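J.: Compute the structure for the input listed below.
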Amino acid sequence: MRSPHSSFFIPAIGLVALFAFVLQPSSIRAASIEVQFIDGPGEGFFDPTPFTPVGGNPATTLGEARRIVVKYAALIAGSCLRSDVKITLEAEMDPLYCSLLSGFALGQGFGIGPEKTFPNAPLPNVWYPQALANSLAGVDLNPLAPELGLELNSDLDVNPNCSNSWYYGLDAIVPPGKVDLVTASVHEILHGLGMQTIYRQSDGTKLLGLDGTYMLNLEHHGFIPPDFPSMTDAERNSCDDGPNVHWVGPSTVNAALSIPLTAGLPNGHVHMHGGSVGHFNTALFPNELMEPYPNGANHSPGLALYVLEDIGWNILPKNGTDIVFIMDITGSTGALMASWLAQIPAISALWLTFDPNARFAVVSHVDYPFEPHSEPATWAYRVESTLSPSLSALQNGLSNITNLGLIGGDTAESQYEAIYQVLTGAGRDLSGAVDYSGTGEFPPQPLGQQNPMVIYHFTWPEQFHDQNLEPNYPFSGSKPVATESDVVLEMAAASSQSMFFGLTTVTAKRKTSQGQEGGLDKSITDGPLARIAALSGGAVYDVGVDLEGLQDAIAASIGHWAASAQGSGDPDVDGIAPGADNCNYIYNPSQGDSDGDQVGDLCDNCPDDANADQLDCNLDGRGDRCDASPCLRVNTAAPISRTLALYAPAPNPTNAFARFEFDLPTDGTVSLEIFDLRGRRVRSLTPRVFPAGRSTLIWDGRDDAHHVVAAGVYWARLNANGQTVSKPVTVLK
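T.: Model prediction:
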């Protein structure tokens, strides 16, 4: 039975969500979300309608385009979470609600069956979403059923009553009249992973009378007691979309303060959408992906990731680099194997100099199986060592292939299958109708990718078998190996997480390469490797038949990676590095800035009136420059204080922003100054008038010259109406 689900919905006038009712041991792997498309032939995800590639989506049919988008969304969501247990997502596209008068549905996402009192359950007799329960238990508790369901509205492309159609690009640059399918898909997948409650919305009753882990973090001010588990069924059922429904989970609250949210933090909690508590309230600013209706293209889980942490998920830090060396050990490349293997430790040392958190793995590739089947143990793909920061583990993996002696001829090879399996961990049994038992064919094996992944592929020549062109390859009756189109589509779906680099010895192609002979940028611009690399912003380098260009090529690839979104610590993964991004926490590759104030439109609380300071004295999400009555309202319902009070900063320690709440006994002018331990003033915020009661000021961790301050302890001094109070704040880097 499917558990309660959410709907992402667009009304004709205004936007609203329909939400029916919402429902370890520490792992080293990112969650793998395997998408199973369950539409019938010729419809939905298998629609054969011709498609023109757009926005990084290279599909040639509408069904392919849809499949790429959903797999891309699943990778975005899964790469943020830790789990050793595969998550299965069943996806379909069906005609859903559309009306010119009342709007149209985008889709719905849901978890399929919650679990309670399972091995390693943090709390007994509490409902956990199926995927989370599996992750905590370390085993699939219900192997016969998928964990997630996703249904999307196919009518958007054909029904004029929908008034908008889907945008299938991966770049979030959405034309007018289109709705971003990546955004809708990530939104719904996050619901299924746990951003949902498990009580009946029609009457507020709990499933079997038990609490859900999501419910434990919700409260409604005005009810006594205010927490959702203690409320009556009628009270849970009566939550409207006023200011009183809050999320109190500490991970989410601290993340909201660090962004910082400039609106949507009543009483220090995160404002939720009362009519559909699986969403954030629309008052949040900057806007979040998990608000009840789309507010532009957004591919970042944002605060929802910390909601998932509050309910029990182990989230992954976005740092480090995973590097997989695919070693082609046949042909002329195989003849150079001793030189390749000798250089791998030096390559790894270069990467560790750039990224101390890098991890390495080795897989080997042989052209399997070829006719005549002359070798007794050949394979398309074999894992020699899984991802590890240990160079000794890497060396052990290299030692596994040092003495294989499988040096074959220079015939074309099935390189695509090896690349496909590294990308997906979902390659296939190749033996087919012919019994090649004992020939060394290996099943797919996931490598445990957590972080952005670089693939080095060593090959020569660039002549790859492709079953699209050779229907009987590798032999008549065999199961098909991956083709170039398979790999291209997988690389497109993985492009937010992977960058492909190839190292080759095809010196004959130097005439077509870029840059000068002997330079760092001897990049190959044609051939199958180059086509694959182009999809992820990577490159292919010619290192020469004696590998004299290998170290230069590695240095060039490290520089290439460092300049990319993955290598620069880009928090919203939009390809714009911090310092250059005008909206660091919202995916906005277009960098739209209508008023030219250097604050991106998606982050700007006054997008049509230049206000680089973003002042918002009543924290309502509208900047003072465009707020008709900017300071006439008290920020919260906090009682009026009789004395000036400054509360402890949050978060503390901080590595970016610090939020200072204070109480004023009367209306007055307030200033905040930051001093180092030697008494030197490093920052003075512009004095502003505040009403009596509770208010907030935010320090961005910079000095008066707008430079980021050094790590250490600082003192914040608040001045108001002749009174002064101080609090320490610690800055970590």
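
J.: Tally up the residues packed near Glu548, please.
T.: When neighbours are defined as other Cβ atoms under 10 Å, Glu548 has 10 of them. Heads up, the C-betas are built off the backbone N, CA and C, glycines and all.

J.: Use 6 as the first number from now on
T.: Sure thing, new numbering starts at 6, so read that last one as Glu553.

J.: what about it, distance to Thr510?
T.: The spacing between Glu553 and Thr510, counted by Cβ to Cβ, to the nearest Å, is 10 Å.

J.: cool, Ser243 as well?
T.: 71 Å.

J.: Which one's more surrounded, these two?
T.: Remark: of Ser243 and Thr510, Thr510 carries more neighbours, 21 against 13, as counted by other Cβ under 10 Å.

J.: List the contacts of the nearest residue to Leu289 once chain neighbours are set aside.
T.: Distance criterion Cβ to Cβ, 6 or more residues apart in numbering; nearest residue to Leu289, sequence neighbours excluded, is Gly269 at 3.4 Å. Contacts for Gly269 (Cβ atoms under 8 Å, 6 or more residues apart in numbering) come out as Ala261, Val275, His276, Phe285, Asn286, Ala288, Leu289, Phe290, Gly626.

J.: list the contacts for the first one?
T.: Meaning Ala261. Gly269, Leu270, Val275, Leu308 are the contacts of Ala261 under Cβ under 8 Å, 6+ apart.

J.: ok, and the closest non-adjacent residue to the third one?
T.: What it means is Val275. Trp252 (4.3 Å).

J.: quick one, phi psi at that neighbour?
T.: phi -100, psi 130 (degrees, to the nearest 10).

J.: and it, how far is that from Gly402?
T.: Taking Cβ to Cβ as the measure, Trp252 and Gly402 are separated by 45 Å.

J.: Which residue ranges of the stretch 206-355 of the chain form strands?
T.: With DSSP state E, counting those that start in this stretch, the ranges of strands along the stretch 206-355 of the chain come out as 223-225, 250-252, 275-276, 327-333.

J.: Show me what the shortest one is packed against.
T.: Put plainly, it is strand 275-276. Packed against strand 275-276 by the contact rule (3 or more Cβ pairs under 8 Å, 6 or more residues apart in numbering; DSSP states H and E) you find strand 250-252, helix 255-263.

J.: Of the contacts of Ala261, just say which sits nearest to Asp602.
T.: The closest of those to Asp602 turns out to be Gly269 (Cβ to Cβ; 21.9 Å).

J.: And the closest one, how close does it get to Gly605?
T.: 18 Å.

J.: go on, Pro231?
T.: Distance of Pro231 to Gly605, computed by Cβ to Cβ: 36 Å.

J.: what does Ala268 give?
T.: Taking Cβ to Cβ, one finds Ala268 at 17 Å from Gly605.

J.: Repeat that for Lys76.
T.: Distance from Lys76 to Gly605, counting by Cβ to Cβ: 28 Å.

J.: what do you get for Val253?
T.: 30 Å.

J.: same question, Lys183
T.: 20 Å.

J.: Show me which of these two is the more surrounded one.
T.: Gly605 (22 against 15).

J.: For the closest residue to the more buried one other than its chain neighbours, list the residues it contacts.
T.: The shortest distance from Gly605 to any non-neighbouring residue, by Cβ to Cβ, 6+ apart, is to Cys588 (3.1 Å). The contact partners of Cys588, taken as Cβ under 8 Å, 6+ apart, are Pro291, Asp577, Gln596, Val604, Gly605, Asp606, Leu607, Cys608, Asp609.

J.: Could you report the neighbour count for the residue nearest to Tyr102 when sequence neighbours are not counted?
T.: Spatial nearest neighbour of Tyr102, excluding adjacent residues (Cβ to Cβ, 6+ apart): Ala110 at 4.4 Å. Residues lying near Ala110 (other Cβ under 10 Å) number 23.
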